[in-house]
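sequence below, structure please.
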Amino acid sequence: MKQERGQFSSKLGFVMAAAGSAVGLGNLWRFPYLTAQYGGGIFLLVYLLLAVTFGFSLMIAEIAIGRKTGLSAVKAYGALDRRFGFLGYLTALSAVLTLPYYSVIGGWVIKYFVSYFTGGGGAMVADGYFEGFRAQGWQPVLWMGLFVLLTMAVVMLGVKRGIEQVSKFMMPALILLLVGLSIYIMTLPGALEGVAFYFKPDFSRFSVKTVLAALGQLFYSMSLMMGIMVTYGSYMDRKTNLETSVRQIEIFDTGVAFLSGLMIVPAVFAFSGGEEGMLASGSGLMFNTLPKVFASTGAGWVLGGIFFLLVFFAALTSAISIMETIVSMVQDQFGWKRPIACLTVTGAALCMAVPLSLGFGVWSGLRPFGLYLQDFVDSINNSILMPVVALLTCLFIGYVIKPKTILDEVRQSSAFRSAGLFTVITKFVAPVLVTAILITSVLDAVGIFPI
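You can find the predicted model right below:
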């Protein structure tokens, strides 16, 4: 049964929703840590260059495929060439793997946000607080369930009344909060050293690993290769300028990542031992180190509350896009109504997320439940599945349906000023870089070329 396709009401609605998808935990949590790990300013420079070339081309491709076919990713690739229908299922797998992981961390964010605004922020500075909370068994599961239900409530409302309206509010609010907090933190003693580290490229620290790490971050940060942009493209009006829209999404996404680094890197330099403190914080930076940073200012409950409200906005808009992508795929595959598809996806997400959450507590001694979730997603999604989908997508566009198919779709709404860049990146540059990621990931897994 053919489902009636939702549609964004305006270009602004599309840009805000797509930017909301791209802006998430990858920007606020992962990007600052990688910036410190790979040399500060040099990593920032490489990332920015890749974002406006490689990231731009892949996002153009996905959105154009969605708009041209009017289908979610699970059906869109097959509609253009039946032999590549399997690509849609690979993107679906990536989204399905990501939603439970995102929901668990989203639950942690809600817990911290609520605690700060209910007077419990002081306890978070204690060593081992975060690990103790995660190990409490069912309490983290309840917070995770709340996050999933909030996500479902927005997706249930549909494209215009749910996703678009929430994104129009949350994205500007997130930017304002982030700018304000960044300005404040840069006034703290010792923060300017972190600003210098963040802005000044040290070319002696440039390496192949810097490029590969920045490239891997693009997938995570820009919501690429999970079917999200294909799905959102299928809701896009054909009169909307596709090229300009993608540039605006990039500005939002890269701008938030940039501001996140400008906020977190100077903060850790000021309170936690500079670059060494940043690296020592590792993946627990957001939940272990930043509460101590906020407490050191004398206004910890205010800064902490605002920060985790900001993170909650980012996590929720990204989770909404992931769930919407899966719901859209289910509707296209089975012809179900939106409410039934939403309830089914929510139930499946909860079933997958509960054991992952318990893996930090009562089941922590069992494998694979005891593995760190971010390591699991990085190794499966960012380092293997997404690069595979990216490589196949580039080969699909460059040598099967040809770049002209995408160029013609973009030109339906405007001239494509970056057509030459898109063609070169898609046919020649991207396949080489993505293949390098895959090879490096395999070598990393066996300990030959650790990233």
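
what count of nearby residues applies to residue 59?
26 (other CB atoms under 10 Å). Where you see a C-beta, it was placed from the backbone N, CA and C, and this is true even at glycine.

in whatever helix or strand it lives in, which residues are buried?
Taking DSSP states H and E as the criterion, residue 59 maps to helix 56-69. Of the residues in helix 56-69, 56-69 count as buried by neighbour count, 16 or more other CB atoms under 10 Å.

for stretch 386-403, same thing?
Neighbour count says stretch 386-403 has 386-398, 401, 403 buried, by 16+ other CB under 10 Å.

next one: stretch 250-264
250, 252-264.

could you give the mean pLDDT of stretch 230-242?
For stretch 230-242, mean pLDDT rounds to 91.

so that it lines up with my notes, have the first residue be 876 from now on.
Sure thing, new numbering starts at 876, so read that last one as stretch 1105-1117.

before we move on, back to that, among the buried residues of helix 931-944, which one lies nearest to residue 951?
Using CB to CB, residue 944 is the member of these that sits closest to residue 951, with 4.3 Å.

show me the contacts for the closest one.
Residue 944 makes contacts with 950, 951, 954, 955, 1109, as judged by CB atoms under 8 Å, 6 or more residues apart in numbering.

and if we set it to 7 Å?
Under the criterion of CB atoms under 7 Å, 6 or more residues apart in numbering, the contact list for residue 944 reads 951, 954, 955, 1109.

distance of it from residue 1084?
37 Å (CB to CB, to the nearest Å).

about what we covered before: export the contacts of residue 944 as TSV, with columns for neighbour count.
Shown next, in TSV, are the contacts of residue 944 (neighbours: other CB atoms under 10 Å):
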residue	neighbour count
951	28
954	15
955	19
1109	25
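
would you check that residue 1268 makes contact with residue 939?
No - look at residue 1268 against residue 939 with CB atoms under 7 Å: they stay out of range, at 11.4 Å.

please report how far residue 888 lies from residue 912.
On the measure of CB to CB, residue 888 and residue 912 end up 36 Å apart.

more neighbours, these two?
residue 888 (22 against 17).

need the pLDDT of the nearest residue to that one once chain neighbours are set aside.
In this structure, residue 888 finds its nearest non-sequential neighbour in residue 1039, 4.1 Å apart by CB to CB, 6 or more residues apart in numbering. For residue 1039, the pLDDT comes out at 70.

residue 1039 contacts residue 890, doesn't it?
No - between residue 1039 and residue 890 there is no contact under CB under 7 Å: 10.3 Å.

what residues sit buried inside the longest helix seen in the chain?
Looking across the chain with DSSP state H, the single longest helix is helix 1175-1209. Buried residues in helix 1175-1209, counted by 16+ other CB under 10 Å: 1175-1176, 1178-1207.

distance of residue 1042 relative to residue 1053?
For residue 1042, the distance to residue 1053 - CB to CB - is 16 Å.

residue 1129 and residue 1058, how far apart?
Taken as CB to CB, the span from residue 1129 to residue 1058 is 19 Å.

repeat for residue 1122
For residue 1122, the distance to residue 1058 (CB to CB) stands at 26 Å.

quick one, which of those two is more surrounded?
residue 1122 (17 against 12).

toward the C-terminus, what is the element adjacent to the least confident helix or strand in the chain by mean pLDDT?
Using mean pLDDT, DSSP states H and E, helix 1248-1252 stands out as the lowest-scoring helix or strand of the chain, at a mean of 56. Toward the C-terminal end, the helix or strand that comes next after helix 1248-1252 (DSSP H and E) is helix 1261-1270.

I am finished for the moment; much appreciated.
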